[in-house]
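*Asks:* show me how the following folds:
(chains A and B)
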Amino acid sequence: AQTVTQSQPEMSVQEAETVTLSCTYDTSESNYYLFWYKQPPSRQMILVIRQEAYKQQNATENRFSVNFQKAAKSFSLKISDSQLGDTAMYFCAFMSPSGYALNFGKGTSLLVTP
Amino acid sequence: GAGVSQSPRYKVAKRGQDVALRCDPISGHVSLFWYQQALGQGPEFLTYFQNEAQLDKSGLPSDRFFAERPEGSVSTLKIQRTQQEDSAVYLCASSFGGDRGRGYTFGSGTRLTVV
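*Replies:* Numbering: from 1, shown residues only, chains lettered A, B, ... in the order given. The predicted structure follows:
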């Protein structure tokens, strides 16, 4: 089974600054999907950004971008111009193309301070 | 509906009580998933439906857990004889089915507390 590791349980960043959340994973497959989900106190898991492993180009969604290093099996999330509303738990997740279940990491709690 | 709706939002059950958690997916979504999220952990897969067929129930922790989706839309997760270790947030997610790489739409979950 694939494992997803988020080594930073908690992080803090000041408003308008940039922060990077780390994620590594373990798989023997060559193609797969990677995701970052945000979970605010409302508990709803919200998709932030996704990456297909066969695509070389790093995904970008407005202030959110990823640094996908396939050989290193690393998938970090960069949040630029942090906003107070970015305060939430962030989960990295892996999906095999032949499967359907998302494998989540344990999450990183991000606090954005004024 | 516009999103995935789950009810109740909170449920407190006495140990040994049976509970039923409801998920109303986005209209037209073929695939439906249940996940269990323990405190301080990431969600863990419980079960998967394609329409009314339960294709995978490998994540259900015990035979006290049962899920159904009889008409291929609303789903119910039932837990019999609840125990304290069942305390968690139960998340439901849905998708059209052919778009796994796009991720799923999640509901806001039901927080179950067993006392």
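*Asks:* pLDDT wise, what is the residue nearest the centre of chain A at?
*Replies:* The centre of chain A sits closest to residue A:36, judged by CA atoms, centre = their mean, with a distance of 3.3 Å. The model reports residue A:36 with a pLDDT of 97.
*Asks:* what helices or strands is the helix or strand where it lies leaning on?
*Replies:* Applying DSSP states H and E as the criterion places residue A:36 in strand A:33-39. If you count contacts as 3 or more CB pairs under 8 Å, 6 or more residues apart in numbering or on different chains; DSSP states H and E, strand A:33-39 packs onto strand A:46-52, strand A:64-69, strand A:74-79, strand A:88-95. The way it works is simple: take the backbone N, C-alpha and C, and place the C-beta from them, glycine included.
*Asks:* how about the contacts made by whichever residue of chain A sits closest to chain B?
*Replies:* Across chain A, the shortest distance to chain B (CB to the nearest CB) belongs to residue A:104, at 3.2 Å. Going by CB atoms under 8 Å, 6 or more residues apart in numbering or on different chains, residue A:104 touches A:4, A:37, A:91-93, B:42-44.
*Asks:* the residue nearest to it when sequence neighbours are not counted: what secondary structure?
*Replies:* In space, and not counting its chain neighbours, residue A:104 is closest to residue B:42: 3.2 Å by CB to CB, 6 or more residues apart in numbering or on different chains. Here residue B:42 is recorded as coil under DSSP: H, G, I helix; E, B strand; the rest coil.
*Asks:* okay, now residue B:42: neighbour count?
*Replies:* 22 (other CB atoms under 10 Å in any protein chain shown).
*Asks:* picking that back up, next, the angle strand A:64-69 makes with the strand holding residue A:36.
*Replies:* Strand A:33-39 and strand A:64-69 are oriented at 140 degrees to each other (axes from the mean of the first three to the mean of the last three CA atoms, to 10 degrees).
*Asks:* fine by me, thanks again.
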